[in-house]
Structure formats: structure tokens, C-alpha cells
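Novice: Generate coordinates for the sequence data below:
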Amino acid sequence: MTPLLLALTLATIVVSALAQRVAGLGFAMLLAPFLVLIFGPHSGILLVNLLGAVSAGVMFIRVRSYVDWGMYLRLAIPAVAMSVPFSVLALALPAAPLEAGVGFLLLLALAISVVLHRGPRTIDGPGVRTTAGLTSGITNALAGVGGPTVSVYAVISRWDQRKFAATVQPYFMTIGLAAMATKSAVDPGEWPVLSGWTWVAMFGMILLGMYAGERVARFIDDRTARAAVIIIAFLGAASTMAKGLINLM
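Specialist: Below you'll find the model as predicted:
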């Protein structure tokens, strides 16, 4: 990695961690397209899984008192059940068509969720939560983005923003580590080769971004944070689809 690419990577990590602290998600969705361009589809997503789990772990320390552990289990169990087999599948299939397809479906689901949110009806229940967990685990394994799907669920169920932002942190840790462990076991050679100080710098930028996000979050209310969630989810889905289409062409 050249010094310029390293500087851009570290800057992107800071911005992604800041978004994660403010909105509760966004780290993997903002970082994944950039790392995939540098390291390739499989190594890049593997790195996103690791850094995303670390970012979520750092934020979890700050918001753990708001975590709804019952909701976490309802989402995490089906997500992990899908994350493991689809992580293996992701290593065997070409990444570009998968990313393009996943991005398109996420955009469609997000658009539908925004329309449904404008109506008076709340859509929730065991089946809805299980479906959200299943699809989030699949998209995380295939494209490194599990956030848009849980964002859809948060919108249509009108999940309280503060509890949502807290609960998805251990959730992101779980699905990120599950996908990373599975891919590492199947093909350990996919890990990018980086120097020790590069790893330290990456983890340091996560802490810096979280610190900056902590300061910014004080001036943002729940309604604005929820709007940021939807915008970041759309950006993540769109960039995933665009990245897949570019690779296809």
C-alpha cells in the first residue's frame, strides 16, 4: 500500500467511525467500497468484518446500558445461522454480480421501508425480526454490509433510535466476527498482508473517529440521527451496487 492510499484509508476509517457513533451504523457501509477497491473483494470484505467488529465493540462500551438484549438475540441468532454458510459461498462465487444484486435489493427494500414508514401502521413481529436477521446475515457475508437490512426493520417497526443504535453494536460485533472466523477457517490466505504499525494506525483511527463522533452526537437529536441512519443505509446500498456494476464492466 502506497503512503497516499494508506492516508486515504485512515481518513476513511475516521469518517466511518464518526458516522457509526452518531447514527449507530455506517462504519462498514462507508468503508467497504473503499477497502474492496484496494484489497480486492474477498480480502477487503474480510478486513471490513474485523474493523467493523472492533468499531462496534468500542461504541458498545459507551452505549451498553441501552442495549435490548432480547432484541439482540432475535436478530443475531438467525443472522449467524445465515452468515456462516453464505461466508463460505462468498469465497466460491464471483464477487461483482453478488455485490450488484445485493446492492439493488437493499436499495429496493430501503425505498419500500421509507414509504411504509409514512403510513400509520407499525410492521413488527417474530417473523419480521427473523427475516431481518436472516437477510442481514446474508448481505453481511456476501458484501460486508449488514446494516441496511436492520435499518429497514428499524424504520418499519419504529424502533426507538437510542435503543436501536445501542443494540446493533453487539449485533454488528457478532455477525462481523462470525463471517470473519468462517472465511479465515476456509481460506486463511485471504487476509491482507499489512505491517504491525499499519494495524495500530487503523485501530487508532477508529478510536479517533469515535471520539469525534462522541462530541458531534451531543448536538444531534434522535430524529436527525434516524434520518442519518436512512441516508447512510442508502449510501451503503448504492455504493455496493455501483461497485459490483463497475467490476462487472
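Novice: Phe27 reaches Ala56, doesn't it?
Specialist: Yes - with contact defined as Cβ atoms under 8 Å, Phe27 reaches Ala56; the gap is 7.3 Å. Heads up, the C-betas are built off the backbone N, CA and C, glycines and all.
Novice: what's the distance between the helix or strand where Leu208 lies and the middle of its chain?
Specialist: Using DSSP states H and E, Leu208 maps to helix 196-217. From the chain centre to the centre of helix 196-217 is a distance of 17 Å (Cα atoms, centre = their mean, to the nearest Å).
Novice: Any chance you could list what contacts that helix?
Specialist: Residues outside helix 196-217 that contact it (Cβ atoms under 8 Å, 6 or more residues apart in numbering) are 1, 6, 9-11, 13-22, 51, 54-55, 58-59, 62, 225.
Novice: Now stretch 87-105: buried residues?
Specialist: Buried residues in stretch 87-105, counting neighbours by 16 or more other Cβ atoms under 10 Å, are found at 87-88, 90-91, 95-96, 98-100, 102-105.
Novice: Any chance of JSON lines for those residues, columns distance to Trp159 and secondary structure?
Specialist: JSON lines is the format used below for those (distance: Cβ to Cβ, whole Å; DSSP: H, G, I helix; E, B strand; the rest coil):
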{"residue": "Ser87", "distance to Trp159": "27", "secondary structure": "helix"}
{"residue": "Val88", "distance to Trp159": "31", "secondary structure": "helix"}
{"residue": "Ala90", "distance to Trp159": "28", "secondary structure": "helix"}
{"residue": "Leu91", "distance to Trp159": "33", "secondary structure": "helix"}
{"residue": "Ala95", "distance to Trp159": "31", "secondary structure": "helix"}
{"residue": "Ala96", "distance to Trp159": "33", "secondary structure": "helix"}
{"residue": "Leu98", "distance to Trp159": "28", "secondary structure": "helix"}
{"residue": "Glu99", "distance to Trp159": "27", "secondary structure": "helix"}
{"residue": "Ala100", "distance to Trp159": "29", "secondary structure": "helix"}
{"residue": "Val102", "distance to Trp159": "23", "secondary structure": "helix"}
{"residue": "Gly103", "distance to Trp159": "23", "secondary structure": "helix"}
{"residue": "Phe104", "distance to Trp159": "25", "secondary structure": "helix"}
{"residue": "Leu105", "distance to Trp159": "21", "secondary structure": "helix"}
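Novice: Can you add distance to Gly204 and pLDDT and give the residues you listed back as CSV?
Specialist: As requested, the buried residues of stretch 87-105 are arranged in CSV below (distance: Cβ to Cβ, whole Å; pLDDT from 0 to 100):
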residue, distance to Gly204, pLDDT
Ser87, 28, 83
Val88, 32, 84
Ala90, 29, 78
Leu91, 30, 76
Ala95, 29, 70
Ala96, 32, 74
Leu98, 32, 72
Glu99, 29, 73
Ala100, 34, 78
Val102, 31, 71
Gly103, 30, 73
Phe104, 36, 79
Leu105, 35, 73
